[in-house]
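Enquirer: Can you look at this prediction? I've put the sequence above it.
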Amino acid sequence: MSIETLPLHLDINDTGLPISALVTSASLHDSQVAIPLIKLTSSKVTYLYDLMDAAYDAKLIDETSRKYGHVPFIDKNSRGKEVTPMAPHQAERYKIRGSAERANSRLKEDFGANDIMVKGHSKVTLHLMIGVITLFADKLIRLLG
């Protein structure tokens, strides 16, 4: 079982530290977890930007981000139409979203998210959350070292 079959949704800060994590069923689309993650992360830390890929391009997500005082930088989903590109300053800020991709990659490759040998939501969640804690500790040591 991998992250793709039991989605792990992460909020990562600019340096790659995981702030919030949720495990959901495989049938739940990523965009349906965006608002709960915004609320959860906002209750823990103060932050300015929500950086999301085109899968999260929805009016309600944008509105919720703004309601919490954030600036949403959400890549536009063309839905078959021409899309206006982000302004240069937005595109530059959006590049930081790569830290989330690297965190997911490290969870899969280095911390066992691709090699889950247990069954059941609670056991898989425990396995993934131990990986998230390990990722956090590893990243923190690298930042402080």
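Expert: Okay, I see it. Numbers count the residues shown, from 1 in each chain.

Enquirer: Only C-alpha atoms from now on, for both contacts and neighbour counts.
Expert: Noted.

Enquirer: What lies in contact with the helix or strand bottoming out on mean pLDDT in the chain?
Expert: In the chain, the helix or strand scored least confidently by mean pLDDT, DSSP states H and E is helix 88-94, which has a mean of 87. Residues from elsewhere that reach helix 88-94 (Cα atoms under 8 Å, 6 or more residues apart in numbering): L51, F73.

Enquirer: then that helix to CSV, C-alphas only?
Expert: Provided in CSV are the C-alpha atoms of helix 88-94 (Å, rounded to 0.1, in the frame of the first residue of the first chain):
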residue,chain,number,x,y,z
PRO,A,88,5.8,36.9,-11.9
HIS,A,89,5.9,37.6,-8.1
GLN,A,90,3.2,34.9,-7.6
ALA,A,91,5.0,32.4,-9.8
GLU,A,92,8.2,33.0,-7.8
ARG,A,93,6.4,32.4,-4.5
TYR,A,94,4.7,29.3,-5.9
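
Enquirer: For the helix or strand following it, enumerate the helices and strands it packs against.
Expert: Of the helices and strands lying after helix 88-94 in sequence (DSSP states H and E), the nearest is helix 98-109. With contacts taken as 3 or more Cα pairs under 8 Å, 6 or more residues apart in numbering; DSSP states H and E, helix 98-109 sits against strand 8-12, helix 121-144.

Enquirer: okay, which residue is most central for this protein?
Expert: With distances taken as Cα atoms, centre = their mean, L10 lies nearest the centre of the chain, 3.5 Å away.

Enquirer: Next, format the helices and strands packed on helix 98-109 as CSV and append mean pLDDT and distance to K81.
Expert: Putting these into CSV (pLDDT from 0 to 100; distance: least, Cα to Cα, whole Å) gives the following:
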stretch, mean pLDDT, distance to K81
strand 8-12, 92, 28
helix 121-144, 94, 38
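
Enquirer: can you redo the ones you listed as CSV with distance to R106?
Expert: Converted to CSV, those look like this (distance: least, Cα to Cα, whole Å):
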stretch, distance to R106
strand 8-12, 13
helix 121-144, 8
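
Enquirer: Understood, closing this out.
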